[in-house]
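Student: Got a predicted model here, sequence first, then my questions.
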Amino acid sequence: MKTLIITTTLVATLAGIAAPAQARDALENAVKTTIELQDGSTLYVFKDGRMAKEDSFGRAVFLKAGETLKAKDGREIKAVGNEVARLDSLLREGHGG
């Protein structure tokens, strides 16, 4: 009986550790490119070409149609899409960048 309790506790602990580690991969797997912007926010380009923006506080924010964003390296990027709900869902699951 004691062995069963120890085994169950060990399995539950390991499962609790493994779940967040796998969850962090979801954002990385969904995103093709991550671009740091001059204002401290981050632009995520998903594999389907659509984009989402995370502000410097880790929140998904709205992108205006055709909005021009400036990358830290000086590039100007025109926003395509507004995947705020998709990014918000991933960030709420603890996948913040």
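Tutor: Okay, I see it. Residues are numbered from 1 along each chain as shown.
Student: separation between F62 and I6?
Tutor: Computed with Cβ to Cβ, to the nearest Å, the distance linking F62 and I6 is 51 Å. Bear in mind the C-beta positions are built from the backbone N, C-alpha and C, glycine included.
Student: residue with max distance from the center of this protein?
Tutor: With distances taken as Cα atoms, centre = their mean, the residue sitting farthest from the centre of the chain turns out to be M1, at 42.9 Å.
Student: Distance of it relative to T9?
Tutor: Between M1 and T9 the distance, using Cβ to Cβ, works out to 13 Å.
Student: what's the answer for L27, then?
Tutor: As it turns out, when the distance is counted by Cβ to Cβ, L27 lies 31 Å from T9.
Student: For the two, indicate the residue with more neighbours.
Tutor: Applying other Cβ atoms under 10 Å to L27 and T9 shows that L27 carries more neighbours, namely 21 against 10.
Student: Make sure I have this right: that one is in a helix.
Tutor: Yes. Note on L27: a helix contains this position according to DSSP: H, G, I helix; E, B strand; the rest coil.
Student: Give me the pLDDT value at it.
Tutor: At L27 the predicted local distance difference test score is 84.
Student: Check whether L63 really touches N82, as I assumed.
Tutor: Yes. Checked against Cβ atoms under 8 Å, the pair L63 and N82 is within contact range at 4.5 Å.
Student: Identify the contacts common to the two.
Tutor: Shared between the contact lists of L63 and N82 (criterion: Cβ atoms under 8 Å, 6 or more residues apart in numbering) are residues 51-52.
Student: Low-confidence ranges, the chain, go.
Tutor: Counting by pLDDT under 70, the chain has low-confidence residues at 10, 14-24, 94-97.
Student: For it, just list every one of the strands.
Tutor: For the chain, applying DSSP state E gives strands covering 31-36, 42-46, 51-54, 60-61, 68-70, 76-78.
Student: could you redo those strands as CSV and give each row distance to L87?
Tutor: Below are those laid out as CSV (distance: least, Cβ to Cβ, whole Å):
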stretch, distance to L87
strand 31-36, 9
strand 42-46, 6
strand 51-54, 4
strand 60-61, 4
strand 68-70, 14
strand 76-78, 16
